[in-house]
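Q: My questions concern the predicted model and sequence given below.
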Amino acid sequence: MAAGLSWPTELRDDELERRLFPVDKGENNRPEPDYLYLSQEIRKPDATLSVLWEEYKEQHPHGYQYSYFCDLFNAYRQRRSETIYSSAV
């Protein structure tokens, strides 16, 4: 019995696919960092991404781990700089 199903099955194709290949929603349920807040805070003299991540984890214990948090923030900064650059051109 695959995925709790018996064969042949009466399920429609979309329902069969959903049962055989469930979507992992775990990461999608994690709260996104507040990128605007991070952008403002990181400019402060003693601010580090490590400290900002610790604040994020205090507010969201099941949030992203440090390395992925950094990846997300760096991707945000990259997108933002591309937007600023294209606006200036």
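A: In hand now; what should we look at?
Q: what does stretch 69-86 contact?
A: The contact list for stretch 69-86, computed with Cβ atoms under 8 Å, 6 or more residues apart in numbering, reads 32-33, 35, 38-39, 49, 53, 56, 63-64. To be clear about C-beta, it is placed using only N, CA and C from the backbone, and glycine gets the same treatment.
Q: Which of these fall in helices?
A: Secondary structure from DSSP state H places 35, 38-39, 49, 53, 56 of those in helices.
Q: and these as TSV, adding neighbour count, pLDDT and distance to Phe69?
A: As requested, the ones in helices among the contacts of stretch 69-86 are exported to TSV (neighbours: other Cβ atoms under 10 Å; pLDDT from 0 to 100; distance: Cβ to Cβ, whole Å):
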residue	neighbour count	pLDDT	distance to Phe69
Tyr35	15	94	11
Leu38	21	96	9
Ser39	13	94	14
Leu49	16	96	7
Trp53	21	98	5
Tyr56	22	98	7
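Q: from those residues, which is closest to Arg12?
A: Using Cβ to Cβ, Tyr35 is the member of the ones in helices among the contacts of stretch 69-86 that sits closest to Arg12, with 40.0 Å.
Q: Do you have the helices of the chain handy? List them.
A: Using DSSP H, the helices of the chain run over residues 13-20, 35-41, 49-59, 66-88.
Q: can you tell me which of these the model trusts least?
A: Of all the helices of the chain, the segment with the smallest mean pLDDT is helix 13-20, scoring a mean of 73.
Q: How far does that helix sit from its chain's centre?
A: A distance of 25 Å separates the C-alpha centroid of helix 13-20 from that of its chain, computed with Cα atoms, centre = their mean, to the nearest Å.
Q: Okay, Arg18 and Pro31: tell me how far apart.
A: Summarising the geometry, the distance separating Arg18 from Pro31, computed by Cβ to Cβ, to the nearest Å, is 26 Å.
Q: repeat for His62
A: Note on His62: its distance to Pro31, by Cβ to Cβ, is 8 Å.
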